[in-house]
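> Based on what follows, work out the 3D shape:
(one chain, ligands or ions: 1)
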Amino acid sequence: MTESAAPFDERAYDLRLPEGQEAPLLLDSPHSGRVYPADFRTRVSEPVLRGAEDWMVDDLVGEAPLEGATLLAARFPRAYIDPNRRLDDIDPALIDGTWHEPLNPGPKTALGIGLFRAKTNDGQPLLAGPLSVDGLRARIERCWRPYRQTLSETLDRLHARHGAVWHIDMHSMKSVGTAITPDGPGARRPDMVIGDLEGESCAPDFTALVVESLRAKGYSVAVNDPYKGAEIIRTCGRPAENRHSLQIEMSRALYMDEATIAAGPGYAKLKADLRQLVAEVAAWTRDVKAA
Ligand SMILES: [Zn+2]
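Numbers count the residues shown, from 1 in each chain. Down below sits the predicted model:
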């Protein structure tokens with residue numbers, strides 16, 4: 001594959017509307033995209049590359065629309081461009097040429113996981129070389145912008161119809177920390193980590209509801225440790241406006257073999273539990289609205 005190969009040219013996301021009665025609830029999966037475009041050049045093997053995906057999270061929550069929730073899932077890979085990052089969170093060393101706007105690389109870029117991913121989970125170089133300005137701009141226009149715009153517009157529409165909206169940003173995490181995660185290599189994780197930016201992205205009753213629902217299903221749950229949430233919930237969560245966003249990170253050990261990128265024995269149970277979670281949250285949002 002060469003730098004001149006075509007950038008991503010398919011639809012950037014799948015948006016699934018609720019079947020039956022709509023709840024003011026949206027789930028999104030920004031990191032489960034697996035359509036690798038021709039201009040994505042990597043120096044690592046496929047299992048290592050795909051270790052960057054929140055593997056199959058879109059499918060794990062695929063029954064959410066049956067419970068009245070709206071579901072948005074990215075189709076482009078997060079290693080190609082990450083919709084959960086700021087547009088200026090870029091390492092200038094990745095760019096072959098002059099960027100068109102000021103850059104503001106943050107802690108994620110320092111870890112190699114900024115807007116354009118530079119490192120594998122083990123902290124090794126991911127990319128085959130610097131990336132052209134035109135190619136990177138195409139990634140923004142064809143992937144990042146349509147995804148984020150659809151997310152905002154869909155939340156706006158639900159908020160306009162219901163007067164409030166609740167949003168769960170769905171992810172999966174390696175079962176132990178690595179060189180590029182905030183808790184460092186070898187750190188054991190709980191089954192689930194709920195992030196609400198230390199209470200800034202939603203009202204506390206929403207966090208409490210999700211934590212209690214997951215604990216009742218037998219999962220160990222931590223809050224804001226080691227993941228507090230990132231740009232998506234920072235942008236969408238405005239509790240003073242009745243817009244409530246939180247993030248769920250699910251341990252990949254619950255549902256997959258992390259080395260071979262294959263479904264594990266827990267896959268079906270997790271999927272069923274997530275459908276139940278969505279059913280409970282959807283019912284709660286209808287009750288909160290009615291109160
Ligand atoms: Zn993720």
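> I figured residue 9 was touching residue 139, is that so?
No - at 11.4 Å, residue 9 does not count as touching residue 139 under the criterion of Cβ atoms under 8 Å. No exception for glycine: its C-beta is placed from N, CA and C like everyone else's.
> More neighbours: which of the two?
Neighbour tally, residue 9 and residue 139, criterion other Cβ atoms under 10 Å: the higher count belongs to residue 139, 22 against 11.
> shouldn't the more buried one be in contact with residue 7?
Yes - taking Cβ under 8 Å as the contact criterion, residue 139 and residue 7 are neighbours in contact, 6.4 Å apart.
> Identify the bridge partners of residue 26.
Bridge pairing for residue 26 (DSSP bridges) gives the partners residue 70, residue 167.
> Give me the distance between it and residue 159.
Relative to residue 159, residue 26 is positioned 10 Å away (Cβ to Cβ, to the nearest Å).
> anything in contact with each of the two?
With contacts taken as Cβ atoms under 8 Å, 6 or more residues apart in numbering, the residues that reach both residue 26 and residue 159 are residue 165.
> ok, the two, which is more surrounded?
Comparing residue 26 with residue 159 by neighbour count (other Cβ under 10 Å), the higher total belongs to residue 26, at 25 against 19.
> For the chain, which residues are neighbours of the ion?
For the chain, the residues found near the ion under the criterion Cβ under 5 Å from the ion are 31, 54, 171.
> if we go to 8 Å?
Counting by Cβ under 8 Å from the ion, the positions of the chain adjacent to the ion are 30-31, 54, 57, 78, 84, 171-173, 249.
> who's in contact with the longest helix seen in the chain?
Ranked by residue count under DSSP state H, the longest helix found in the chain is helix 267-290. By Cβ under 8 Å, 6+ apart, the surrounding residues in contact with helix 267-290 are 23-25, 27, 56, 59-64, 66-69, 162-164, 166, 168, 209-210, 213-214, 217, 219, 250, 254-256.
> With just CA atoms, put that helix into CSV.
Below are the C-alpha coordinates for helix 267-290, written out as CSV (Å, rounded to 0.1, in the frame of the first residue of the first chain):
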residue,chain,number,x,y,z
TYR,A,267,-19.5,-13.1,24.7
ALA,A,268,-23.2,-14.1,24.7
LYS,A,269,-23.7,-13.4,28.4
LEU,A,270,-22.2,-10.0,28.2
LYS,A,271,-24.3,-9.1,25.2
ALA,A,272,-27.5,-10.3,27.0
ASP,A,273,-26.5,-8.3,30.1
LEU,A,274,-25.9,-5.1,28.0
ARG,A,275,-29.4,-5.5,26.5
GLN,A,276,-30.8,-5.8,30.0
LEU,A,277,-28.8,-2.7,31.1
VAL,A,278,-30.2,-0.7,28.2
ALA,A,279,-33.7,-1.9,29.0
GLU,A,280,-33.3,-0.7,32.6
VAL,A,281,-31.8,2.6,31.7
ALA,A,282,-34.4,3.2,29.0
ALA,A,283,-37.2,2.5,31.5
TRP,A,284,-35.6,4.9,34.0
THR,A,285,-35.3,7.7,31.5
ARG,A,286,-39.0,7.4,30.7
ASP,A,287,-39.8,7.5,34.4
VAL,A,288,-37.5,10.5,35.1
LYS,A,289,-39.1,12.4,32.3
ALA,A,290,-42.6,11.5,33.6
